[in-house]
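Colleague: kindly generate the corresponding structure for this input.
(chains A and B)
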Amino acid sequence: MQKVILVDQDKCTGCRLCEMVCSVKHEGVSNPTRARINVIKWFMEGYLMPMICQQCMDAPCIAVCPKDALSRDEERGAVALDYDLCIGCKMCVTACPFGGMGIDTVSNKVIKCDLCDGDPQCVRFCFPGALEFVDANAVNLRKKRDAASKLAELMSKVVAA
Amino acid sequence: MSLNRKLGIVDLSTNEIEIKPIPIELRKKFIGGRGLDMYLLYNHTEPGIDALGPDNVAIISAGLLSATLSSASARTHVAAKSPLTGAVGSTNMGGFFAPEMTWAGFHHLMLRGQAEEPVYIWVNDGEIEIRDASHLWGLSTRDTQKALQEELGSEVQVLCIGPAGENLVRYATVMSGMKNAGGRSGLGAVLGSKKVKAVVARGTMDVEIRHPEEALEYDYEVMKHISGTKFAQIMGKYGTMFIQSVTNSTGLVRTQNFQHNQLLDAEPIECEHIEDYTFGTVGCFGCIIHCRHRYIVDGIYDEGPEYTAQGAFGWEVGCNDFETVLMGNHLVNHWGLDILETGSMMAWAMELYEKGIITDKDTGGLKLEWGNTDVVLELIRQIAFREGIGDILAEGPKRAAAKIGKDSLKYNIQVKGMSNLHSDERPTPALALGIATGTRGSDHLRSRPAIDLYHLPVSVLEKVYNNPVEYKGTYTSDYRDYEGKPWQVIWHEMMYMAIDCVGVCKYHCTFLSPNLMKFEHISKFLHYNTGLELSPRDVWDVAERCYNIERMFNIREKFGRKDDMLVDRYFDEPTTRGLEIVRGRTLDRDKFNGMLDEYYELHGWDENGVPTQETLERLGLDEEPSHLL
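Modeller: Numbers count the residues shown, from 1 in each chain, chains lettered A, B, ... in the order given. Predicted coordinates for the structure are as follows:
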């Protein structure tokens, strides 16, 4: 089943716990510069946005990779990175429009979100629920439900009036 | 790993910078954060120095668990001799500064001497630089941070002072972000006296987690538990403002300085009104409680407000206007003033005005009347910029009273020269003993046994308070009693000291809920994250050692039993309002002194509150100052 990390920016509290657990899970250390996810902040306006690999269907990183190290894993709905093929040329870093590909200067590798093999730690630790790991088919249904409940509330006021 | 984080020593007079490792023996004895800060403060200052002179030191630190998996390891601690009290100066703030300093390779930064021109300190990946800050002098806290982010990148974390710190207001804050304020003790003025406008951190260095898989699992377990408590849920919705609904309706708040213990018609400043101004909450680093709102008032963005904002710009000054609370909160953050001391000083001035001790002549025509919201906001400005009567109020309780003269001091609600929280402890002896004995002055964050207010069953009290050290006396559930309370105060002193040593937020420990973290949690977090092996009892012993070194600092500055005392009004003026169980109450002087005796005895201090030689030897403090760092 294809699952995606759904970001609800309104629920993000900017605590950056996702960054820490990501780096601990992947590198065994706390270090947000080595995390696959980062919360981008405009802290003087209170605007927060978690940014992470979007696991694109037609991914620019795959298109530019000269060694076919990046590929589409259709079963999981993810973009997979094969380190045995990767030469670290960083073309993917340049091509990605979201900053989803990063460079880890400690291990000398490019890094990206691998969905923690199906149990993304950023999602697990996001208690406010800004990050959710959901069935790709159900993403728009969830959004439709949220929008519908708002509409229903408005409609009930009109009917009541 | 955490244990390899260093101490940076910056001499502002000579521009010398020294970087030192922190010996493991000191970690075992003081852990880090507030505890190690106090060791450094005791070892690097002489008694009697001018808190605003070059001989004082300002120590900025992260706890040992900073930036690790330990349930909100976000807190920054700052220590110095306090220019407000002359006692130990200690202040603690949330945000993101301490983790960033940790990733930059440092846990403690000690500033000494005085710069001739404004500077900021740049801390970046193992290196420290002193840089010119003349372009920043005069800027508000948010404009300072904005300028430094433009200069150094949006990832940097800034700790800075505002105009109040530059103007040496004796209760100026250090600030980071919108509302992370190191408010108490006036340490913003210490940085101001050293001409340090800011400390800026940026780090990309690993903090090795000793047992990463286990740390993830244990942290998840603790966080899941905390997030499930009613306390965390209400805190995440309203922040500390929810407390007001309970304390005001009971009659446990200090209103119109100390004349009443309840604000009548307080509904307009109750927490639910934040709904009209907020667009969501934010959390400090790694925190799942997220207790502060993002709000907009008059087109200005800020964060909070907290219980203390409601007190300072609400019930203390007789106002019940929510926008004044929001705007007051913004102004103190913006200019860098301690919200609590500011509110208390204004309320005191208003009572003096009411009693005719100060008049229009002293206030420059400002009508210091209860409930005058314009005057409240104008007074904040005058204090921050030391204009008019603000110049006198900026001096803090004792010095301002000396300048005003007459019997003005009598009306001041303070201990050791620091104003009390906007709460009334006449009906609650345990809370009263806590604020009387606090090492940094009248303060609820040294030892407040807040859960005493819940009338918990004795069996619950025994479960909480008999760990990790057994108390042989008896407990009572009634918060108006005197029995068993000294031990509760000591237990919370140790809990809060321990949590301050590791740099975790107090809201995650047993402070406002009996169901949260205790000593065994700290012991386990240290094990999984750092590999420092301390049993729960060892953690308690560290806390006791650190608390005693704070006490030793105060004793060296000639503080003693006479300073562990509340003002006469607590004993002489009965409460006027509230529920029947709290109405008409005063503290009993004899019973209060009896609590103080028991408190000293349990601590192993003599009748004047001085640690005995035996106690110092038991805690390994008999060689202090030992100058190991």
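
Colleague: alpha carbons only for contacts and neighbour counts from here, please
Modeller: Will do.

Colleague: nearest residue to the middle of chain A?
Modeller: Nearest residue to the geometric centre of chain A (Cα atoms, centre = their mean): residue A:52, 3.3 Å.

Colleague: actually chain B, sorry about that
Modeller: Nearest to the mean C-alpha position of chain B, by Cα atoms, centre = their mean, lies residue B:91 at 4.6 Å.

Colleague: am I right that that one is in a strand?
Modeller: Yes - assessed by DSSP: H, G, I helix; E, B strand; the rest coil, residue B:91 belongs to a strand.

Colleague: that one against residue B:175, yeah?
Modeller: No - judged on Cα atoms under 8 Å, residue B:91 makes no contact with residue B:175 at a distance of 11.0 Å.

Colleague: residues shared between the contacts of the two?
Modeller: Each of residue B:182 lies in contact with both residue B:91 and residue B:175 under the rule Cα atoms under 8 Å, 6 or more residues apart in numbering or on different chains.

Colleague: in chain A, where's the longest helix?
Modeller: Identified as the longest helix of chain A according to DSSP state H is helix A:139-160.

Colleague: just the C-alphas of that one, formatted as CSV.
Modeller: Extracted in CSV, the C-alpha atoms of helix A:139-160 (Å, rounded to 0.1, in the frame of the first residue of the first chain):
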residue,chain,number,x,y,z
VAL,A,139,-5.5,11.7,1.4
ASN,A,140,-8.0,13.7,-0.5
LEU,A,141,-10.9,12.0,1.3
ARG,A,142,-9.6,13.3,4.6
LYS,A,143,-9.2,16.7,3.2
LYS,A,144,-12.7,16.5,1.7
ARG,A,145,-14.1,15.5,5.1
ASP,A,146,-12.4,18.5,6.8
ALA,A,147,-13.7,20.9,4.2
ALA,A,148,-17.1,19.3,4.3
SER,A,149,-17.4,19.7,8.0
LYS,A,150,-16.7,23.4,7.7
LEU,A,151,-19.2,23.7,4.9
ALA,A,152,-21.8,21.7,6.9
GLU,A,153,-21.3,24.2,9.8
LEU,A,154,-21.9,27.2,7.5
MET,A,155,-24.9,25.5,5.9
SER,A,156,-26.5,24.7,9.2
LYS,A,157,-26.3,28.4,10.1
VAL,A,158,-28.0,29.3,6.8
VAL,A,159,-30.7,26.7,7.3
ALA,A,160,-31.2,27.8,10.9
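
Colleague: pull out the buried residues from that helix.
Modeller: For helix A:139-160, a neighbour-count test (16 or more other Cα atoms under 10 Å in any protein chain shown) marks nothing as buried.

Colleague: contacts for that helix next, please.
Modeller: With Cα under 8 Å, 6+ apart, helix A:139-160 has contacts from residue A:6.

Colleague: mind listing what the closest residue to the residue nearest to the centre of chain A other than its chain neighbours touches?
Modeller: Distances taken as Cα to Cα, 6 or more residues apart in numbering or on different chains put residue A:37 closest to residue A:52, at 4.8 Å, once the chain neighbours are dropped. Going by Cα under 8 Å, 6+ apart, residue A:37 touches A:18-19, A:22, A:50-53, A:100, A:113.

Colleague: list the contacts of residue 67.
Modeller: Looking at chain A here, since you left the chain open. Applying Cα under 8 Å, 6+ apart to residue A:67 gives the contacts A:85-87.

Colleague: please refer instead to chain B.
Modeller: A:20, A:30, B:73-74, B:98-100, B:102-103, B:207, B:285.

Colleague: name the element it belongs to?
Modeller: Under the criterion DSSP states H and E, no helix or strand holds residue B:67.

Colleague: got a list of what residue A:65 touches?
Modeller: Residue A:65 makes contact with A:91-92, according to Cα under 8 Å, 6+ apart.

Colleague: so which of the contacts of residue A:37 belong to helices?
Modeller: In this view, the contacts of residue A:37 that belong to helices under DSSP H are A:18-19, A:22.

Colleague: nearest to residue B:188, of these?
Modeller: When those are compared for distance to residue B:188 (Cα to Cα), residue A:19 wins out at 31.1 Å.

Colleague: do you know how far the closest one is from residue A:52?
Modeller: Per Cα to Cα, to the nearest Å, residue A:19 is found 10 Å from residue A:52.

Colleague: what touches both of those two?
Modeller: Residues touching both residue A:19 and residue A:52 (Cα under 8 Å, 6+ apart): A:36-38.

Colleague: as TSV, those residues with secondary structure would be great.
Modeller: As requested, those are arranged in TSV below (three-state DSSP):
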residue	secondary structure
A:36	coil
A:37	coil
A:38	strand
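
Colleague: and the residues you listed, which is closest to chain B?
Modeller: Using Cα to the nearest Cα, residue A:38 is the member of these that lies nearest chain B, at 11.1 Å.

Colleague: that closest one reaches residue A:53, doesn't it?
Modeller: No - checked against Cα under 8 Å, the pair residue A:38 and residue A:53 is beyond contact range at 10.3 Å.

Colleague: the nearest residue to residue B:253 once chain neighbours are set aside: neighbour count?
Modeller: Nearest in space to residue B:253, with sequence neighbours left out and distances taken as Cα to Cα, 6+ apart, is residue B:423 at 4.0 Å. Counted with other Cα atoms under 10 Å in any protein chain shown, residues neighbouring residue B:423 total 24.

Colleague: and residue B:423, what is it in contact with?
Modeller: Contact analysis of residue B:423 by Cα under 8 Å, 6+ apart lists B:252-254, B:261.

Colleague: from those, pick the one nearest residue A:46.
Modeller: Minimum distance to residue A:46 across those is 31.5 Å, recorded for residue B:253 (Cα to Cα).
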